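Colleague: structure for this input, please:
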Amino acid sequence: MQKDLSDYRKSYEKSALLETTIKENPMEQFQKWFYEVEATDGLDEPNAMTVSTIGLDGFPKNRVVLMKKYTHEGFIFYTNYDSEKGRAIAANPSLCLSFFWPNLERQVIIKGTAEKLAENLSDGYFESRPLGSQLGAVVSNQSEVIGSREVLEKELEALERKYEGKEIPRPSNWGGFLVRPVSIEFWQGRPNRLHDRIRYTLQEDYDWKIERLAP
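Modeller: As a prediction, this is how the structure comes out:
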C-alpha cells in the first residue's frame with residue numbers, strides 16, 4: 001500500500017514575523033499570537049498543544065494535551081502523574097511543547113523544564129472541572145492496560161454511586177505541571193517556503209536573546 005503526497009502543497013501568505021514588530025519578551029509575543037488565534041475562526045481548541053517527552057524506554061513520544069494556563073513563568077497543563085507521560089517527566093523533566101495554528105499558518109515550539117504545581121493550585125483547578133471530568137480522573141489508571149471498555153464504564157458507574165451528592169477529592173497522583181521555557185521559537189508560514197522563524201533563548205542573566213533562523 002502506498003500513496004504519493006508529493007503534490008500536496010500550499011502557499012503560506014497570511015502574515016509575516018518581523019524583528020521590527022515582535023515583543024522583547026517571548027511570553028508577551030505568545031500572548032499576542034494566542035489572542036489573534038482566538039479571534040480568528042477556523043480552530044476549535046487553540047490551547048491544544050503537543051507535549052514531547054523522552055520515555056523510560058528511551059523513545060521520544062508526542063501527545064496532544066490542553067494547555068490550561070500560561071503566565072510570565074510558563075505553560076501549565078494537568079495530567080495523571082503515574083501515566084506514561086508523568087513518569088517520563090519525573091525521570092527527565094526536559095521536554096518540548098508545540099502549538100500548530102493552521103488558520104493563521106503559525107506554530108510555536110517551546111523547549112523547557114517541567115515541575116509539579118503546588119498542591120493547592122492543582123486542588124483549585126480540579127475543583128473547577130465538571131463532575132464527569134473529576135470522576136474520569138479518579139477512575140482512569142492512565143496508560144495502564146485494561147481488559148475492555150466495559151470494565152472502565154462499570155468502574156465509572158460505581159464511582160458515580162459512591163460520590164453521589166458528595167465532593168470528589170483530587171487524587172494525589174493527579175495534578176499540574178508548569179513548564180518553564182528556556183527557548184521559544186515562533187514560526188510564521190511565508191511564500192516560497194521562505195518561512196519566518198524567530199527564536200528567543202533564555203540567557204544566564206534571564207534576558208532573552210532574539211535570533212532569526214533560516215527557514
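Colleague: helix, strand, or coil at the residue nearest the centre of the chain?
Modeller: Against the mean C-alpha coordinate of the chain, by CA atoms, centre = their mean, the closest residue is residue 49 at 3.5 Å. In three-state terms, and counting by DSSP: H, G, I helix; E, B strand; the rest coil, residue 49 is strand.
Colleague: correct me if wrong: it contacts residue 66.
Modeller: Yes. Between residue 49 and residue 66 a contact is recorded at 7.5 Å, counting by CB atoms under 8 Å. (Each C-beta comes from the backbone N, C-alpha and C, glycine too.)
Colleague: rewinding a little: what bridges to the residue nearest to the centre of the chain?
Modeller: residue 65 (DSSP bridges).
Colleague: for residue 96, see how far away it is.
Modeller: According to CB to CB, to the nearest Å, residue 49 and residue 96 sit 10 Å apart.
Colleague: go on, residue 150?
Modeller: Taking CB to CB as the measure, residue 150 falls 36 Å from residue 96.
Colleague: who touches both of residue 49 and residue 66?
Modeller: When contacts are counted by CB atoms under 8 Å, 6 or more residues apart in numbering, residue 49 and residue 66 are jointly contacted by residue 77.
Colleague: the closest residue to residue 160 other than its chain neighbours and residue 191, how far apart?
Modeller: Leaving aside its chain neighbours, residue 160 sits nearest to residue 135 (6.4 Å; criterion: CB to CB, 6 or more residues apart in numbering). Noted for residue 135: a distance of 49 Å to residue 191, by CB to CB.
Colleague: looking at those two, which is more packed in?
Modeller: residue 135 (19 against 9; other CB atoms under 10 Å).
Colleague: and the more buried one, what does it touch?
Modeller: 156, 159-160, 163, 168.
Colleague: between these, which is closest to residue 204?
Modeller: residue 168 (44.5 Å; CB to CB).
Colleague: please, where are all the strands along this structure?
Modeller: Using DSSP state E, the strands assigned to the chain run over residues 48-54, 60-66, 69-70, 75-80, 94-101, 106-116, 174-188, 196-202, 208-213.
Colleague: neighbour count: residue 150 and residue 96, which is higher?
Modeller: The neighbour comparison of residue 150 against residue 96 (other CB under 10 Å) goes to residue 96, with 18 against 9.
Colleague: pLDDT wise, what is the more buried one at?
Modeller: Among the per-residue scores, residue 96 shows a pLDDT of 98.
Colleague: likewise residue 61?
Modeller: 98.
Colleague: neighbours around it, how many?
Modeller: The local packing of residue 61 (other CB under 10 Å) involves 13 other residues.
Colleague: excluding chain neighbours, what is closest to it?
Modeller: Closest residue to residue 61 apart from its sequence neighbours, by CB to CB, 6+ apart: residue 55 at 5.2 Å.
Colleague: swap in residue 53?
Modeller: Excluding the flanking residues, the one nearest residue 53 by CB to CB, 6+ apart is residue 88, at 4.0 Å.
Colleague: ok, that neighbour - contacts?
Modeller: Counting by CB under 8 Å, 6+ apart, residue 88 has contacts 53-56, 61.
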